[in-house]
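Visitor: A structural model of the following input is requested.
(one chain, ligands or ions: 4)
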Amino acid sequence: MEEPMGRRFAVGYALASKKQASFIQISLINIAKEKSIDLIKIDLEKPLIEQGPFNLVIHKIYGAQWRQQLAEYSAKNPNVLIIDSPDAIERLHNRISMLQVVMELSVIECEDAVSFGIPKQIAVYDASEVLDMNLEGRGLKFPVIAKPLVADGSAKSHKMSLVYNRDGLSKLKPPVVLQEFVNHGGVIFKVYVVGDYVKCVKRKSLPDVNEENLGSLKGSLSFSQVSNLNCVERSGDSYYKMMDLDDGKTEIPPMKLLVDIASGLRRAMGLHLFNFDVIRDDRIGNRYLVIDINYFPGYAKMPSYEHVLTDFFWDVLNHTNKKEIDLDLDLDSDTSGCKNEGSMLVSSNADVDDGAANRILVVDEKENPIQV
Ligand SMILES: Nc1ncnc2c1ncn2[C@@H]1O[C@H](COP(=O)(O)OP(=O)(O)OP(=O)(O)O)[C@@H](O)[C@H]1O
Ligand SMILES: O=P(O)(O)O[C@H]1[C@H](O)[C@@H](O)[C@H](OP(=O)(O)O)[C@@H](OP(=O)(O)O)[C@H]1O
Ligand SMILES: [Mg+2]
Ligand SMILES: [Mg+2]
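Guide: Ligands and ions are numbered 1, 2, ... in the order given. Next up is the predicted model:
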């Protein structure tokens, strides 16, 4: 669709400095400009209400103050799109409510023998609960992953531990979620969603745990952001070349399933910009588990993200009114219209020095890297 002559759109972005540095690449600015879209930084030191005018505001900022600013801005500028609503984003800040929504997607029809779900998990709120907890009685068995209950973007919220046995439980600092560790062949699928666009990439994950070795393993092992460990500064295409895993043998989950989950989540959560992590349960061949959902993830790691995001901005800016965008989440029931790409790897990392890429690094209690 051609833009009307002379009409330009302003997209204000409010992002933490690290996110801004990775997302606001010159390539994105230029591609958006060609489509008459100007990306404008929102100054977080000044009241939002004094900035603009914007046609669309995108944001990933935490806290009550920012929510208040958005509410005031929205009240004064009811026709400006805010993507996404802070209330809708909030659900992803708690690892229980985050995955609960997956369980509510009961309408998805799967091909023969293909199923999806979430790992068994329980929330532990109090340190005293941990010590005499009967895991088995609560439907869990070792090993489990302990994840901070709160997923608020802080470094702390990404600090996890793989707990092999009862000894490992004593070190936990509730509130945490204890989630069954599911062997999945060391590969994770990251499914990026941008409106109705869906893209799946493969990354390295934690290696499988052999049940026979459980007795001999020390209590627990700490780790953080495993799937981002090979992340390098973006330069040209090198970001995703380094990170995407081209092991030549792991097939991605059926794309129809991923697109259906993506559009189900989009509607159920009322969000346009997120990704979700999927593993294949090694115990049951065609069972896929959603283990994490992230708001406004690292899109710059997604091939051609500049075009994908620019097309998305263009689409939402050209809906005739704001209501239509909000309703789009509920009314767009035809998933066959989703733009998705069946195969994940646009690039091969065969030409990349794979020395580091072949290792999974975890950190011990004192943050020393260990190789597993
Ligand atoms: N239930 C599970 N079974 C097996 N491995 C898991 C499980 N949950 C998490 N993992 C592993 O731990 C890693 C981190 O878990 P998770 O994605 O929940 O953390 P996160 O810090 O929120 O990640 P992100 O950086 O994607 O936000 C995953 O990428 C995967 O390698
Ligand atoms: O720190 P928080 O607010 O939790 O957000 C992170 C997400 O949790 C991660 O999922 C993002 O990495 P991926 O895009 O590889 O999933 C990660 O991407 P980034 O490190 O490239 O910004 C972050 O968006
Ligand atoms: Mg994750
Ligand atoms: Mg996460």
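
Visitor: Now for the residue lying closest to Tyr125 once chain neighbours are set aside: which residues touch it?
Guide: Ranked by Cβ to Cβ, 6 or more residues apart in numbering and with sequence neighbours excluded, the top spatial neighbour of Tyr125 is Pro175, at 4.8 Å. C-beta coordinates here come from the backbone N, C-alpha and C atoms, glycine included. Pro175 makes contact with Ala123, Val124, Tyr125, Pro148, Leu149, Val150 under the criterion Cβ atoms under 8 Å, 6 or more residues apart in numbering.

Visitor: Quick check: bridge partners of the fourth one?
Guide: Bridge pairing for Pro148 (DSSP bridges) gives the partners Val176.

Visitor: what number of residues lie near it?
Guide: Pro148 has 19 neighbouring residues, counting by other Cβ atoms under 10 Å.

Visitor: Likewise for the fifth one?
Guide: Using other Cβ under 10 Å, the number of residues around Leu149 comes to 18.

Visitor: what residue ranges in the protein score low on pLDDT?
Guide: Within the chain, the segments meeting pLDDT under 70 span 1-5, 107, 230-244, 320-372.

Visitor: can you tell me the residue of it closest to ligand 2?
Guide: The chain approaches ligand 2 most closely through Gly298 (2.3 Å), counting by Cβ to the nearest ligand atom.

Visitor: distance of that residue from Ala268?
Guide: 23 Å (Cβ to Cβ, to the nearest Å).

Visitor: what about the two, which has more around it?
Guide: Between Gly298 and Ala268, Gly298 has the larger neighbour count (other Cβ under 10 Å), namely 20 against 16.

Visitor: Leaving out the residues flanking it, which one is nearest to the more buried one?
Guide: Per Cβ to Cβ, 6+ apart, closest to Gly298 is Ser22, 6.1 Å.

Visitor: Would you tell me which residues of the stretch 201-350 of the chain are close to ligand 4?
Guide: Asp292, Asn294 (Cβ under 5 Å from the ion).

Visitor: where do the strands sit along the stretch 201-350 of the chain?
Guide: For the stretch 201-350 of the chain, strands defined by DSSP state E, counting those that start in this stretch occupy the ranges 220-224, 273-280, 287-295, 339-340.

Visitor: Please produce TSV containing those strands, extended by distance to ligand 1 and mean neighbour count.
Guide: Below are those laid out as TSV (distance: least, Cβ to the nearest ligand atom, whole Å; neighbours: other Cβ atoms under 10 Å):
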stretch	distance to ligand 1	mean neighbour count
strand 220-224	7	20
strand 273-280	5	22
strand 287-295	3	21
strand 339-340	20	16
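
Visitor: Out of those strands, which gets nearest to Ala10?
Guide: Evaluated with Cβ to Cβ, the strands of the stretch 201-350 of the chain place strand 273-280 nearest to Ala10, the distance being 18.2 Å.

Visitor: What are the contacting residues of the closest one?
Guide: Contacts with strand 273-280, where a contact means Cβ under 8 Å, 6+ apart, come from 58, 83-84, 92, 116, 182, 184-185, 187-195, 200, 205, 227, 253, 258, 261-262, 265, 286-297, 299.

Visitor: do the same with stretch 29-47
Guide: 3, 7-14, 20, 24, 28, 48, 51, 54, 57, 59, 61, 69, 306-307, 309-310, 313-314, 317.

Visitor: Quick one: name the residues of the stretch 101-250 of the chain near ligand 2.
Guide: For the stretch 101-250 of the chain, the residues in contact with ligand 2 (Cβ under 6 Å from any ligand atom) are Gly153, Lys190, Ser227, Asn228.

Visitor: can you count the residues close to the first one?
Guide: Just to be clear, that refers to Gly153. 19.

Visitor: can you list contacts of stretch 161-171?
Guide: 130-131, 133, 142-146, 172, 178, 181, 206, 209, 214-215, 217-223, 365.

Visitor: same thing but at 6 Å, please
Guide: Contact with stretch 161-171 is made by Val130, Phe142, Pro143, Val144, Ile145, Ala146, Leu214, Leu217, Gly219, Ser220, Leu221, Ser222, as judged by Cβ atoms under 6 Å, 6 or more residues apart in numbering.

Visitor: just stretch 119-128 next, same as before
Guide: Contacts of stretch 119-128 (Cβ under 6 Å, 6+ apart): 96, 130, 138-140, 149, 174-180, 182, 289.

Visitor: 10 Å instead, please
Guide: Applying Cβ atoms under 10 Å, 6 or more residues apart in numbering, the contact partners of stretch 119-128 are 94-96, 99, 129-130, 133, 135, 138-141, 144-147, 149, 169-170, 172-182, 279, 281, 289-291.

Visitor: From those, which land in strands?
Guide: Of the positions in the contacts of stretch 119-128, 144-147, 176-180, 279, 289-291 sit in strands, assigned by DSSP state E.

Visitor: Export these as TSV, with columns for distance to Pro78.
Guide: Shown next, in TSV, are these (distance: Cβ to Cβ, whole Å):
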residue	distance to Pro78
Val144	47
Ile145	44
Ala146	44
Lys147	39
Val176	41
Val177	38
Leu178	44
Gln179	41
Glu180	46
Ile279	42
Leu289	41
Val290	35
Ile291	38
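
Visitor: any idea which of those residues is closest to ligand 3?
Guide: The shortest approach to ligand 3 among the ones in strands among the contacts of stretch 119-128 belongs to Ile291, at 6.7 Å (Cβ to the ion).

Visitor: Look up the residues forming beta bridges with the spatially closest residue to the closest one that is not a sequence neighbour.
Guide: Excluding its sequence neighbours, the residue lying closest to Ile291 (Cβ to Cβ, 6+ apart) is Asp277, at 5.1 Å. Beta bridges link Asp277 to Lys190, Asp292 when assigned by DSSP bridges.
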